[in-house]
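task: produce atomic coordinates for the following.
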Amino acid sequence: MSFLLFIDESGHDHRNLPYEVHGGFALNAKNLWPLVKALTTLEQAAFGDFLHRFKMEIKGSRLLDKDRFKFAAQAATMDDAARRKHCLGFLHKGLRKLPPTRDEFTAYGQACLTMVRGMFSLLEEHEARAFAAVIPRQLPMPAELPAELPPEGLLRKDLVFLLERYFYMLEHRKEMGLLVLDETEKMQDRRFVRRLEWYFKETATGRYRSARIVPSPFFVASDMAYPVQVADVLIYAINCGFRLPSMTEAVRAEIGNEFGPLIDRLQWRGDGYRDGVAFKTHGIVYVPDPYTSRK
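From the prediction side, this is the model:
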């Protein structure tokens, strides 16, 4: 049975978030449909309906926005029936561009947090493992790059490290792994595929890792794929609320306090090896210098 690594990106617009993050979670294929069914039930239980019917998508920037926490905390926790009732009022008024009531704002905030908490519980229940590569925001590309670069450029080092961690997990389990990504702009996706293929075909390490990772990724529309939406929420939470020792940007306390420990528990941990030396490693990696080599 194979694994799927669902990948999305966070902070790539270099605006408000502290880091740029690529990653998501790996899932055994046997657990994919059970997870999707559970997420369907969770969304209806949290909001009272599917968000796509109100022209909304499940995204970390939406569910974990600062205002959602403020809305949720402005009154006592509602029971499930009341939350769904008032949340539906909020969603329907949004379509009609009418102002919601205070109870409707509260219900929507509590529904968003109910959804995220449920997502983390379901990821753990279905044995998902978190993987992410984090780099500084607005890091400039070096002015001079090696002349021998392929036409589309090299696969950036943080993405190589992300694949490295995924490979270590697959190697330990003796399984094959697929890559599933959120589709963006076709030209950008095509450039990424060419860099990925060059890495797996033209580098010794890439050829070795292609024994476990299928070099041809699948692109899906995030609004049509629950797992990619969950990956978006997960890496947004990593961006805002999870820190490795070398990551110095401020944490949003409301995310870090509740979801930071859950992320740490979800991230893959295992053995890596390089140059014949084995070492302990983990699924989330910070790369301060994705364009330069390290000794």
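
low pLDDT regions in the stretch 51-200 of the chain?
Filtered on pLDDT under 70, the stretch 51-200 of the chain yields the residue ranges 140-153.

what strand or helix carries the closest residue to Arg195 other than its chain neighbours?
Nearest non-adjacent residue to Arg195, counting by C-beta to C-beta, 6 or more residues apart in numbering: Leu155, 4.4 Å away. Yep, even glycine has a C-beta here, placed from its N, CA and C like the rest. Element membership for Leu155, per DSSP states H and E: none, as it lies in no helix or strand.

count the neighbours of Leu155 for me.
21 (other C-beta atoms under 10 Å).

now do the one 4 residues further on
The number of residues packed near Leu159 is 21, by other C-beta under 10 Å.

would you mind confirming that it is in contact with Val134?
No: using C-beta atoms under 8 Å, Leu159 makes no contact with Val134, being 11.6 Å away.

which stretches of the stretch 51-200 of the chain form strands?
129-136, 177-182 (DSSP state E, counting those that start in this stretch).

which among these is found nearest to Lys97?
strand 177-182 (28.8 Å; C-beta to C-beta).

contacts for the closest one next, please.
Here strand 177-182 makes contact (C-beta atoms under 8 Å, 6 or more residues apart in numbering) with 2-9, 26, 166-167, 169-170, 189, 192, 212-214, 217-222, 225, 227-228, 231-232.

repeat that for stretch 8-16.
Contact with stretch 8-16 is made by 17-24, 60, 137-138, 181-182, 222, 228, 231-232, 235-236, 238-239, as judged by C-beta under 8 Å, 6+ apart.

write the ChimeraX selection for whichever of the contacts of strand 177-182 are buried.
Buried members of those, defined by 16 or more other C-beta atoms under 10 Å, are picked up in ChimeraX with:
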select :3,4,5,6,7,8,9,26,166,167,169,170,192,212,213,217,219,222,225,227,228,231,232
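
so which of the contacts of strand 177-182 are in helices?
Judged by DSSP state H, the contacts of strand 177-182 include Tyr166, Phe167, Met169, Leu170, Asp189, Phe192, Pro227, Val228, Ala231, Asp232 as members of helices.

farthest-separated two in those residues?
Longest distance between any two of those is 24.8 Å, between Met169 and Asp189; criterion C-beta to C-beta.
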